[in-house]
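Engineer: predicted model, plus sequence, below.
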Amino acid sequence: MSFAAVVPLGGYAGWTFLTRTLESQKTAFADSPQQLSDKEYFAANIAGVKTAEHLVGDYRLLSVALGAFGLDDDLQNRFFIRKVLEDGTSSADALSNKLSDKSYKALSEAFGFGEGIPPRTGLTGFADEIFSAYTERQFEISVGEKNEDFRLALNVERELAAIASGELSDDGKWYSVMGSAPLRSVFETALGLPESFSSLDIEDQLQTFRDKATTAFGSGDVSQFADPDRMEKLVRTFLLRAELSDMSTGLSSGSIALTLLSGAVS
């Protein structure tokens, strides 16, 4: 029987339950028969993969490789993924450098094909590194099958923390947020931005994100979310707003404001 995340409640109460049981649920997921089988296969075979062609030709290996970077939907786009891998990342003309979703660049960097040197697949610890990332994201998918908002919240805690503590300029960090569909969704919901927001000029979007974040969290810098308290406030605000959007439209604006304020104080 496949693993199923335990998410008995929705809303912020459900999120509190999930975070309280997170480590035990992750352990149960990692120990599930399918995960153990995939881990054994990946560890036994990935070191022998020396080309992008070889990787995309092995469905099970490619599933783990793409899943580790949140690119599961590209499993059938083998020609495209092979091109991303074979181009590497060192050239400005490399395909991954031209794509707004930097998950492709991260994938290409991780495997190291197309760089004129042996790929990273044979390095000690490589299999564990990739499979650990795969397990993390697959667990999030399992949670998302029960509650997609919780999946987004888990993703933002992992992905945004890395961006916030990174060495990019603040503009670069915001562009990384804006280029990630899950992170953008969390921020747009938490900051109360309309669906039409993404049609604005990119520089106007950047300034709006910065201004709204300043109002909501006290700073317009992405770096603030390296602070666990700021991260928790972002996640809480996102979940409360997402929950309200799913509720009856009969709520008055006053009731919505009171709910948000109550969540902010709790």
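Structural biologist: Yes, it's here.
Engineer: tell me the confidence at the residue nearest the centre of the chain?
Structural biologist: To find the centre residue of the chain, average its C-alpha atoms and take the closest one (C-alpha atoms, centre = their mean): that gives Asn155, at 4.1 Å. If you check Asn155, the pLDDT there is 95.
Engineer: what strand or helix carries it?
Structural biologist: For Asn155, the enclosing helix or strand under DSSP states H and E is helix 148-164.
Engineer: from the contact counts, what lies against that helix?
Structural biologist: Using 3 or more C-beta pairs under 8 Å, 6 or more residues apart in numbering; DSSP states H and E as the contact criterion, the secondary-structure elements in contact with helix 148-164 are helix 11-20, helix 126-144, helix 170-178, helix 181-190, helix 228-246. From N, CA and C alone the C-beta is placed, and that goes for glycine too.
Engineer: any idea how far the closest residue to Ile141 other than its chain neighbours lies from Leu75?
Structural biologist: Counting by C-beta to C-beta, 6 or more residues apart in numbering, the nearest residue to Ile141 once its immediate chain neighbours are dropped is Arg151, at 6.9 Å. Using C-beta to C-beta, to the nearest Å, Arg151 is found at 19 Å from Leu75.
Engineer: which of these two has more residues huddled nearby?
Structural biologist: Neighbours around Arg151 and Leu75, counted as other C-beta atoms under 10 Å, are more numerous at Arg151. The numbers are 21 against 15.
Engineer: right, and the more buried one touches Gln138 too?
Structural biologist: No: the pair Arg151 and Gln138 does not pass the contact test of C-beta atoms under 8 Å, sitting 11.0 Å apart.
Engineer: so what's the residue count around Arg20?
Structural biologist: Residues near Arg20, counting by other C-beta under 10 Å: 10.
Engineer: now Leu99
Structural biologist: Leu99 sits with 13 neighbouring residues when counted by other C-beta under 10 Å.
Engineer: tell me the spacing between it and Ala68.
Structural biologist: The span separating Leu99 from Ala68 equals 17 Å under the rule C-beta to C-beta.
Engineer: swap in Leu85?
Structural biologist: With distances defined as C-beta to C-beta, the gap from Leu85 to Ala68 amounts to 13 Å.
Engineer: mutual contacts of these two, please.
Structural biologist: Between them, Leu85 and Ala68 share the neighbouring residues Leu107, with contact defined by C-beta atoms under 8 Å, 6 or more residues apart in numbering.
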